[in-house]
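Engineer: from the sequence below, what's the structure:
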Amino acid sequence: MVAHYFFPKRYNFEDIGKISRWKKGYVVWEFPFWRWFLAQGGQITFWDDIDYRLWVQSGFGALESVMPKSEYEYFKKNTYQPDLLTNDMQAVLEHDAAQYHFAKPTWDDLLKGHETGGLCSVVLNYAPFDREDGVKLHAVVILDINDVEVIIHNPLGKERVQARQKIGLKEFKHAWLEATETPSLCVYKMR
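Structural biologist: Below you'll find the model as predicted:
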(Lines give C-alpha, C1' and ligand atoms only; values in the text may rest on other atoms or scores of the structure.)
Protein backbone atom coordinates (compact mmCIF):
# COMPACT_ATOMS: atom_id res chain seq x y z
CA MET A 1 0.00 0.00 0.00
CA VAL A 2 2.83 2.44 0.83
CA ALA A 3 4.56 1.91 -2.52
CA HIS A 4 1.23 2.14 -4.34
CA TYR A 5 0.49 5.44 -2.59
CA PHE A 6 3.80 7.05 -3.60
CA PHE A 7 4.28 5.27 -6.95
CA PRO A 8 0.74 4.33 -8.08
CA LYS A 9 1.55 3.05 -11.56
CA ARG A 10 5.04 1.65 -11.13
CA TYR A 11 4.77 -1.22 -8.63
CA ASN A 12 2.28 -3.99 -8.02
CA PHE A 13 1.79 -6.31 -5.06
CA GLU A 14 4.19 -8.91 -6.47
CA ASP A 15 6.93 -6.29 -7.00
CA ILE A 16 6.64 -5.13 -3.41
CA GLY A 17 6.66 -8.75 -2.20
CA LYS A 18 10.02 -9.23 -3.92
CA ILE A 19 11.41 -5.93 -2.59
CA SER A 20 10.24 -6.84 0.93
CA ARG A 21 11.52 -10.42 0.61
CA TRP A 22 8.06 -11.69 1.53
CA LYS A 23 7.79 -15.40 2.34
CA LYS A 24 4.39 -16.98 2.78
CA GLY A 25 3.57 -17.68 6.41
CA TYR A 26 6.26 -15.41 7.85
CA VAL A 27 6.37 -11.91 9.34
CA VAL A 28 7.29 -9.23 6.80
CA TRP A 29 9.78 -6.94 8.49
CA GLU A 30 9.89 -3.42 7.05
CA PHE A 31 13.66 -3.04 6.72
CA PRO A 32 14.17 -4.38 3.17
CA PHE A 33 11.26 -2.20 1.99
CA TRP A 34 12.48 0.82 3.96
CA ARG A 35 15.96 0.49 2.47
CA TRP A 36 14.41 0.42 -1.02
CA PHE A 37 12.04 3.33 -0.21
CA LEU A 38 14.93 5.49 1.02
CA ALA A 39 16.80 4.75 -2.24
CA GLN A 40 13.72 6.02 -4.15
CA GLY A 41 13.96 9.44 -2.44
CA GLY A 42 11.72 8.70 0.51
CA GLN A 43 12.18 9.53 4.14
CA ILE A 44 10.93 7.68 7.17
CA THR A 45 10.47 8.45 10.82
CA PHE A 46 9.73 5.44 12.96
CA TRP A 47 9.05 4.65 16.59
CA ASP A 48 9.59 1.21 18.06
CA ASP A 49 10.80 -0.06 21.38
CA ILE A 50 12.43 -3.08 19.83
CA ASP A 51 16.15 -2.36 20.15
CA TYR A 52 17.21 -2.60 16.52
CA ARG A 53 20.70 -1.30 17.31
CA LEU A 54 21.17 -4.25 19.69
CA TRP A 55 19.97 -6.59 16.93
CA VAL A 56 22.52 -5.11 14.48
CA GLN A 57 25.34 -5.38 17.03
CA SER A 58 24.56 -8.79 18.54
CA GLY A 59 22.04 -10.61 16.35
CA PHE A 60 18.35 -11.37 16.71
CA GLY A 61 18.82 -13.68 19.70
CA ALA A 62 20.02 -10.76 21.83
CA LEU A 63 16.44 -9.40 21.81
CA GLU A 64 15.25 -12.28 23.99
CA SER A 65 16.54 -10.49 27.10
CA VAL A 66 14.95 -7.11 26.27
CA MET A 67 11.57 -7.95 24.66
CA PRO A 68 8.34 -9.21 26.17
CA LYS A 69 8.54 -13.01 26.07
CA SER A 70 5.30 -13.50 24.10
CA GLU A 71 6.37 -11.14 21.31
CA TYR A 72 9.94 -12.48 21.17
CA GLU A 73 8.57 -16.01 20.81
CA TYR A 74 6.09 -14.82 18.14
CA PHE A 75 8.86 -13.15 16.12
CA LYS A 76 11.25 -16.08 16.60
CA LYS A 77 8.64 -18.57 15.38
CA ASN A 78 7.33 -16.41 12.52
CA THR A 79 10.46 -14.74 11.11
CA TYR A 80 12.32 -16.40 8.27
CA GLN A 81 16.03 -16.31 9.09
CA PRO A 82 15.92 -13.09 11.16
CA ASP A 83 19.65 -12.41 11.03
CA LEU A 84 19.37 -11.99 7.22
CA LEU A 85 17.66 -8.65 7.98
CA THR A 86 20.70 -7.22 9.76
CA ASN A 87 22.32 -5.54 6.72
CA ASP A 88 19.07 -3.84 5.71
CA MET A 89 18.49 -2.78 9.29
CA GLN A 90 21.96 -1.28 9.62
CA ALA A 91 21.61 0.59 6.29
CA VAL A 92 18.29 2.09 7.41
CA LEU A 93 19.56 3.05 10.87
CA GLU A 94 22.56 4.82 9.31
CA HIS A 95 20.63 6.59 6.51
CA ASP A 96 20.33 10.40 6.73
CA ALA A 97 16.65 10.29 5.69
CA ALA A 98 15.66 7.77 8.39
CA GLN A 99 14.92 8.84 11.93
CA TYR A 100 14.57 6.11 14.56
CA HIS A 101 12.98 6.78 17.94
CA PHE A 102 13.79 3.92 20.31
CA ALA A 103 10.54 4.46 22.21
CA LYS A 104 6.89 3.48 22.18
CA PRO A 105 4.90 5.71 19.84
CA THR A 106 2.01 7.74 21.21
CA TRP A 107 -1.39 8.69 19.86
CA ASP A 108 -0.02 12.24 19.43
CA ASP A 109 2.89 10.91 17.32
CA LEU A 110 0.38 9.26 14.99
CA LEU A 111 -1.81 12.36 14.78
CA LYS A 112 1.18 14.60 14.05
CA GLY A 113 2.47 12.26 11.33
CA HIS A 114 -0.97 12.06 9.73
CA GLU A 115 -1.74 15.79 10.01
CA THR A 116 1.61 16.81 8.48
CA GLY A 117 0.93 14.83 5.32
CA GLY A 118 2.80 11.65 6.10
CA LEU A 119 1.49 8.23 5.23
CA CYS A 120 1.47 6.31 8.50
CA SER A 121 1.67 2.59 9.11
CA VAL A 122 1.25 0.76 12.41
CA VAL A 123 1.27 -2.82 13.60
CA LEU A 124 -1.96 -3.93 15.26
CA ASN A 125 -2.56 -7.00 17.36
CA TYR A 126 -5.57 -8.60 15.67
CA ALA A 127 -6.17 -11.18 18.42
CA PRO A 128 -8.66 -8.90 20.26
CA PHE A 129 -10.70 -8.44 17.04
CA ASP A 130 -10.91 -12.22 16.77
CA ARG A 131 -11.81 -12.50 20.49
CA GLU A 132 -8.61 -14.44 21.13
CA ASP A 133 -5.77 -14.13 23.58
CA GLY A 134 -2.20 -13.90 22.42
CA VAL A 135 -0.36 -12.21 19.60
CA LYS A 136 -1.49 -11.90 15.95
CA LEU A 137 0.49 -8.94 14.63
CA HIS A 138 -0.43 -7.30 11.34
CA ALA A 139 0.76 -4.10 9.66
CA VAL A 140 -1.82 -1.67 8.29
CA VAL A 141 -1.75 1.77 6.66
CA ILE A 142 -3.71 4.68 8.13
CA LEU A 143 -5.91 6.35 5.53
CA ASP A 144 -7.81 8.77 7.76
CA ILE A 145 -8.49 9.63 11.38
CA ASN A 146 -11.58 11.40 12.65
CA ASP A 147 -13.30 11.91 16.00
CA VAL A 148 -14.88 8.44 16.10
CA GLU A 149 -12.76 6.07 14.03
CA VAL A 150 -9.53 5.29 12.24
CA ILE A 151 -9.81 4.20 8.62
CA ILE A 152 -7.12 1.77 7.56
CA HIS A 153 -6.05 -0.15 4.50
CA ASN A 154 -5.76 -3.78 5.51
CA PRO A 155 -4.08 -5.64 2.64
CA LEU A 156 -4.30 -9.14 4.07
CA GLY A 157 -6.49 -11.26 6.25
CA LYS A 158 -9.53 -13.44 5.83
CA GLU A 159 -12.83 -11.63 6.30
CA ARG A 160 -10.99 -8.37 7.05
CA VAL A 161 -9.68 -7.72 3.54
CA GLN A 162 -10.85 -4.18 2.96
CA ALA A 163 -9.38 -1.19 1.18
CA ARG A 164 -11.08 1.10 3.71
CA GLN A 165 -11.70 -0.71 6.99
CA LYS A 166 -13.17 1.42 9.78
CA ILE A 167 -12.15 0.75 13.37
CA GLY A 168 -13.54 2.69 16.35
CA LEU A 169 -10.97 4.86 18.15
CA LYS A 170 -11.15 2.84 21.38
CA GLU A 171 -10.70 -0.49 19.58
CA PHE A 172 -7.90 0.88 17.40
CA LYS A 173 -5.98 2.33 20.36
CA HIS A 174 -6.38 -0.94 22.24
CA ALA A 175 -5.14 -3.09 19.33
CA TRP A 176 -2.23 -0.75 18.65
CA LEU A 177 -1.05 0.67 21.99
CA GLU A 178 -2.31 -1.81 24.59
CA ALA A 179 -2.65 -5.29 23.09
CA THR A 180 0.70 -4.94 21.33
CA GLU A 181 3.48 -4.97 23.88
CA THR A 182 5.91 -3.37 21.42
CA PRO A 183 3.80 -0.94 19.36
CA SER A 184 5.38 0.72 16.35
CA LEU A 185 4.67 3.59 13.99
CA CYS A 186 6.28 4.62 10.72
CA VAL A 187 5.63 7.93 8.95
CA TYR A 188 6.54 7.95 5.25
CA LYS A 189 7.18 11.06 3.15
CA MET A 190 9.11 11.94 0.03
CA ARG A 191 12.19 14.19 0.33
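
Engineer: what residues does residue 145 make contact with?
Structural biologist: By CB atoms under 8 Å, 6 or more residues apart in numbering, residue 145 lies in contact with 110, 111, 114, 151. Bear in mind the C-beta positions are built from the backbone N, C-alpha and C, glycine included.

Engineer: and the first one, backbone torsions?
Structural biologist: Same thing as residue 110. In terms of degrees, to the nearest 10, the main-chain angles of residue 110 are phi -60, psi -50.

Engineer: residue contacts, it?
Structural biologist: 120, 122, 142, 145, 185.

Engineer: next one: the second one
Structural biologist: Contact criterion CB under 8 Å, 6+ apart gives residue 145 as the residues in contact with residue 111.

Engineer: so it is in which element?
Structural biologist: In the assignment (DSSP states H and E), residue 111 maps to helix 107-115.

Engineer: just flag the most distant two among the contacts of residue 110.
Structural biologist: 145 and 185 (12.6 Å; CB to CB).

Engineer: where in this protein is pLDDT low?
Structural biologist: Applying pLDDT under 70 to the chain flags the ranges 156-162.

Engineer: where exactly do the strands run in it?
Structural biologist: Using DSSP state E, the strands of the chain run over 42-48, 98-102, 119-125, 137-145, 149-154, 162-168, 184-190.

Engineer: want to throw those strands into TSV with distance to residue 29?
Structural biologist: As requested, those are arranged in TSV below (distance: least, CB to CB, whole Å):
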stretch	distance to residue 29
strand 42-48	11
strand 98-102	14
strand 119-125	11
strand 137-145	10
strand 149-154	18
strand 162-168	23
strand 184-190	11
